[in-house]
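In: Give me a 3D structure for the following:
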Amino acid sequence: MARLHAFKYEFRLALKYAVAALLFILATSWLADEIRDRLTDGSHVPPWLIYVLISLFLITSIYMLFISGRERRMVHLLKRGTLSEAHKVLITLVSSQTAAFDRQDGLLRVTLGENEVTLSGDLELDNQTITATFGERWNWQQLLHMISRHRGEMQKLFLVLSSGARGSNRQQADCVEFLRLYLPEVDIVMASGSNGIDFDDTHAVFTTVTRCIDEAVQEGFPAGDILVDVTGGTKPASVGAAFATLQHTEVEFQYINNQGTPLSFNTTTSSYENKMAG
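Out: Residues are numbered from 1 along each chain as shown. You can find the predicted model right below:
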């Protein structure tokens, strides 16, 4: 059935091209005849009628070519989420959080309300301790889920922080110190500058994440080794970050589900006929 649909589509498209080409040939032929007749003064047809017909045929042929070209354009498809594989470059949105950080005796301590956790630097152990102590109330635990599949492979991490009086840009130092416990050799870059960016501005997030992708590619990282995490931030920010992956179809985006599992999605391109052929 899919092949039959693809054949019908190809036939209709070919027919449109043929009609457009015929109209274009007729229009240009009549235009040549009109010029010749004007030069020889042998025409008995009202000039305005010739010009109207020529214009109509030309406009129709151009319109049909335009419509056919639109049908030929690439369409975007979204692949279903699969368990994330290790990537060398991560770009992530960082939300603000309410816990307090304190370093004592070389240990980093996190306090949320009346509860306190001393981080060991062992990701799995700290993840379990945070869950047991804070439940699901500390949103920066998502950062641990985010990097869990990529440690050992990751070389560069771009942090995109939010702006404003309550933005995560105020917690930049805490965020870097927290992540350094688990990624001591990774190059951590502040992609949003010292002031952060507006997470309600989809275009600003899109532009920032796109710039990070381009920077990583220019540094020699293959697009397939770059991953954009869209779990943090606001919904507009997540949309902007996900859309940025359309600039490089090999770049995937990651989302942490409610079970803490990192899932990767990818926007790919395919021609209409390939999509119909399934």
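In: What is the least confident helix or strand in this protein?
Out: Every helix and strand of the chain was ranked by mean pLDDT, DSSP states H and E. The lowest is helix 272-277, at a mean of 45.
In: residue ranges of the strands in the stretch 101-250 of the chain, please?
Out: For the stretch 101-250 of the chain, strands defined by DSSP state E, counting those that start in this stretch occupy the ranges 107-112, 115-119, 156-161, 187-190, 226-229.
In: what about the ones you listed, which gets the closest to residue 260?
Out: Among these, the nearest to residue 260 by C-beta to C-beta is strand 226-229 (13.1 Å). For the C-beta atoms, the positions are set from N, CA and C on the backbone; glycine is no exception.
In: Dump the closest one to PDB, restricted to CA.
Out: Output in PDB follows, covering the C-alpha atoms of strand 226-229 (Å, rounded to 0.1, in the frame of the first residue of the first chain):
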ATOM      1  CA  ILE A 226      26.800  16.200  20.600                       C
ATOM      2  CA  LEU A 227      23.700  16.000  22.800                       C
ATOM      3  CA  VAL A 228      21.300  18.700  24.000                       C
ATOM      4  CA  ASP A 229      19.500  18.000  27.300                       C
END
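In: Given it, what are its sheet partners and their directions?
Out: Applying DSSP bridges, strand 226-229 is found paired with strand 89-94 (parallel), strand 252-256 (parallel).
In: Could I get the buried residue list for stretch 203-212?
Out: Burial within stretch 203-212, assessed by neighbour count using 16 or more other C-beta atoms under 10 Å, is assigned to 204, 205, 206, 208, 209, 210, 212.
In: what's in contact with that stretch?
Out: 91, 93, 158, 160, 189, 191-192, 197-199, 228, 233, 236-237, 240-241, 243-244, 247 (C-beta atoms under 8 Å, 6 or more residues apart in numbering).
In: and the closest residue to residue 222 other than its chain neighbours, what pLDDT?
Out: Leaving out its chain neighbours, the residue that sits closest to residue 222 by C-beta to C-beta, 6 or more residues apart in numbering is residue 250, at 7.4 Å. Looking at residue 250, its pLDDT reads 87.
In: For residue 250, give me its contacts.
Out: By C-beta under 8 Å, 6+ apart, residue 250 lies in contact with 222, 223, 224, 226, 266.
In: Just send those back as TSV, with pLDDT too.
Out: Shown next, in TSV, are the contacts of residue 250 (pLDDT from 0 to 100):
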residue	pLDDT
222	94
223	92
224	92
226	96
266	83
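In: Which pLDDT value belongs to residue 192?
Out: 87.
In: what does the one 4 residues further on give?
Out: pLDDT for residue 196: 94.
In: contacting residues around it?
Out: 161, 162, 163, 164, 167, 168, 169.
In: can you tell me which two in these are farthest apart?
Out: Every pair of those checked by C-beta to C-beta; the farthest is 161 and 164, at 10.3 Å.
In: Between those two, which is the more surrounded one?
Out: Set residue 161 next to residue 164 and count neighbours by other C-beta atoms under 10 Å: residue 161 wins out with 27 against 15.
In: Residue 188 is in contact with that one, correct?
Out: No - counting by C-beta atoms under 8 Å, residue 161 does not reach residue 188; the two are 11.8 Å apart.
In: ok, the contacts of residue 196 vs residue 126, which is closest?
Out: Each of these was scored against residue 126 by C-beta to C-beta, and residue 168 proved nearest at 20.1 Å.
In: wouldn't that closest one be in contact with residue 176 here?
Out: No - in this structure, residue 168 is not within contact of residue 176 by C-beta under 8 Å, at 11.6 Å.
In: Among these two, which residue is more densely surrounded?
Out: More crowded of residue 168 and residue 176, by other C-beta under 10 Å: residue 168, with 25 against 14.
In: Could you measure from that one over to residue 175?
Out: 7 Å (C-beta to C-beta, to the nearest Å).
In: on that earlier part again, tell me the buried residues within the contacts of residue 250.
Out: Applying 16+ other C-beta under 10 Å to these flags 223, 226, 266 as buried.
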